[in-house]
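Enquirer: Here is a sequence together with a model predicted from it:
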Amino acid sequence: MEITLGGIAALIAALAFVVLVVFLIRPLAKLGSTFDELTASVEKLTDETIPALTNAAETVARTNAQLERVDTITSAAARTAEDISATTTIITSTVSAPFLAVRRFVGKMRRGR
């Protein structure tokens, strides 16, 4: 068996490839464990985020219900204020009408003298 220059070059290239693979095994293993930790972190984040989002949705729904109640109360208060205003106007005109009549009468009496 004769060793040629090409055979030696091929042997050197094969040994270089083996050394490269040996040196890359450790970083690739670390990269794999990093991906495993990343997967675990994403699962944990998902497990904690979903209940928080559910609670937030429930809070928003309850807040909307409370706002509807406040809107109803505000509308009722506005109607009550309008009713009080109308009642005040009616009472004022009813009570002041006799006083105005007396005032007109007194004014006519003073002019008539």
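Expert: Arrived safely, thanks for sending. Numbering: from 1, shown residues only.
Enquirer: For this structure, give me the ranges with low pLDDT.
Expert: Counting by pLDDT under 70, the low-confidence segments of the chain come to 1, 112-113.
Enquirer: Show me the strands in it, by range?
Expert: Here the chain has no strands by DSSP state E.
Enquirer: and residue 6, what does it touch?
Expert: The contact partners of residue 6, taken as C-beta atoms under 8 Å, 6 or more residues apart in numbering, number zero. In this view, the C-beta of every residue, glycine as well, is placed from N, C-alpha and C.
Enquirer: From residue 84, how far out is it?
Expert: When C-beta to C-beta, to the nearest Å is applied, the distance between residue 6 and residue 84 equals 109 Å.
Enquirer: How about residue 57?
Expert: Counting by C-beta to C-beta, the separation of residue 57 from residue 84 is 41 Å.
Enquirer: how about the helices in the chain?
Expert: Across the chain, reading from the start of the chain, the helices by DSSP state H fall at 5-112.
Enquirer: Since that was my last question, I'll sign off now.
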